[in-house]
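Peer 1: Sequence plus the predicted model coming up.
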Amino acid sequence: MPLLGLMYLVAYIDRQNISYAKLEMVGSLGLSESAYGLGASLFFLGYFLFEVPANVFLEKVGARVWFARIMFTWGLVTILLGFTQGTAMFYVLRFLLGVAEAGFFPGVLFAVTLWFPQEHRARMIGWFMIASVLANAVGAAVGGALLGLDGVWGLAGWQWVFLATGGPALVLAVVVLAVLPDGPASAPWLAPAQKAWLTRTIEAERTGSGHVDHGNPFAALLDRRVQMLAGVYVCLPLAAYGLSYWLPTVVKGFGVSNLANGFINVIPWLGAAVALWWVPRHAARTGATGNALTWHVVGPALVGAAGLALSVVLPGNAVKFACLCIAAAGAFSAQPVFWSMPGTFLRGATAAAGIAAINSVGNLGGFVAQNAVPLIRDATHSDLVPMLFLSACLAGGAGLMFLVLSALRRGAPVGAAPAG
């Protein structure tokens, strides 16, 4: 889990470096806010188109080789973004970054179903996702500082943002290829008896609780439960990506320097990390089932929606920023318990395809957010009004999610076992 978390931290920095490069790149390339938003969002289009095939391929070749390939290609594309010459090149490279990274996040979620019994999965996903908010924190501090390198070796500050954040992915690709096991059977730290116990435990869960493994993994795309989860998941990435993409712009509107902006933006992501640790742990410790389990997904989403809305209407920059910190914690901490659910009814290659389908459709929310937020900003000339759009989407999605998760719970066993 520490290695997977480190990989996700680097991946998320490579996704979100665009929000800091934007502070100078827009003027350098002569782009409007909406044109830049379109380019940033093309990542999610490439991600959507290649997510399911990539995860099915991972199930065939193994996590070690496939994750190393993913990291090498996304690191290379990120470095190339530092040499962007114009709008068309920017659009192509952002699309290719999505293609390169497709399969990583759902691949880890699939790997978790191979390594951990059901009662542990939400907490493990929570630990893994903490890397994403820590990446926002690290990216905030580093992104603001890298902009200060403007002119060093003849490169602009926004170019340094891409070059310095793409390099670690290339290094990690070599590390992953050398040390990451494909599964528990090849883990050097597990004794034979431990491997046998883990295999028996996970197989017993799969055979005893109505898991589905279609002959053709792509048949998972037609599974009603997969379609329902994919549809309602859209609201969570929409709010999370919209906020993380736009937050540096909001804070810059408070009148701070690029360096101060970076360090101030560390705060909301540290709070979100605490929420990601606490919410799935609380669900497991209390033995949450039924509506109580559903509320561990819906409740944080509603808190996030409230924080986004209040950031617009309450006075004072400090208060507005505090509301956005609450919004970040809510939008992210709703996800670990949600992601523990597909593994309760899918297995094998079907699980790989189903999880990828849910994630790829859901991440179209990022495409929507990174186009809608700058369009609303251009129309209203306000950095904060776009937060009302994110709030409405998150609140509406939370309501639909409550209905869907309740329906899935009635039709199939969906839940988290109490902590042992």
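Peer 2: Now that the structure is in, tell me what you want to look at. Numbering: from 1, shown residues only.
Peer 1: Give me the neighbour count for the closest residue in space to residue 256 that isn't next to it in sequence.
Peer 2: Ranked by C-beta to C-beta, 6 or more residues apart in numbering and with sequence neighbours excluded, the top spatial neighbour of residue 256 is residue 264, at 6.5 Å. Where C-beta positions appear, they are placed from N, C-alpha and C, glycine not excepted. Residue 264: 19 surrounding residues under other C-beta atoms under 10 Å.
Peer 1: same question, residue 130
Peer 2: Neighbours of residue 130 under the rule other C-beta under 10 Å: 23.
Peer 1: need the next SSE after whichever strand or helix holds it, C-terminal direction.
Peer 2: When secondary structure is defined using DSSP states H and E, the element that contains residue 130 is helix 118-147. If you walk from helix 118-147 toward the C-terminus, the next helix or strand you reach (DSSP H and E) is helix 157-179.
Peer 1: Which strands or helices does that following helix pack on?
Peer 2: Using 3 or more C-beta pairs under 8 Å, 6 or more residues apart in numbering; DSSP states H and E as the contact criterion, the secondary-structure elements in contact with helix 157-179 are helix 2-29, helix 63-81, helix 118-147.
Peer 1: closest one to residue 167 among the ones you listed?
Peer 2: Residue 167 lies closest, by C-beta to C-beta, to one member of these: helix 63-81, at 6.9 Å.
Peer 1: Buried residues of that closest one, list them for me.
Peer 2: Residues of helix 63-81 classed as buried under the neighbour-count rule (16 or more other C-beta atoms under 10 Å) are 63-64, 66-81.
Peer 1: which helices and strands sit right next to it?
Peer 2: If contacts are counted by 3+ C-beta pairs under 8 Å, 6+ apart, helix 63-81 sits against helix 2-29, helix 33-61, helix 87-101, helix 104-115, helix 157-179.
Peer 1: Can you check what angle separates the first one from helix 63-81?
Peer 2: The directions of helix 2-29 and helix 63-81 differ by 20 degrees, with axes from the mean of the first three to the mean of the last three C-alpha atoms, to 10 degrees as the criterion.
Peer 1: so where's the stretch 1-150 of the chain shaky on pLDDT?
Peer 2: 136, 139-141, 143-144 (pLDDT under 70).
Peer 1: What average pLDDT does the helix or strand containing residue 294 get?
Peer 2: Assignment of secondary structure by DSSP H and E places residue 294 within helix 290-313. Mean per-residue pLDDT for helix 290-313: 85.
Peer 1: next SSE after that helix?
Peer 2: Scanning forward in sequence from helix 290-313 by DSSP H and E, the next helix or strand is helix 317-333.
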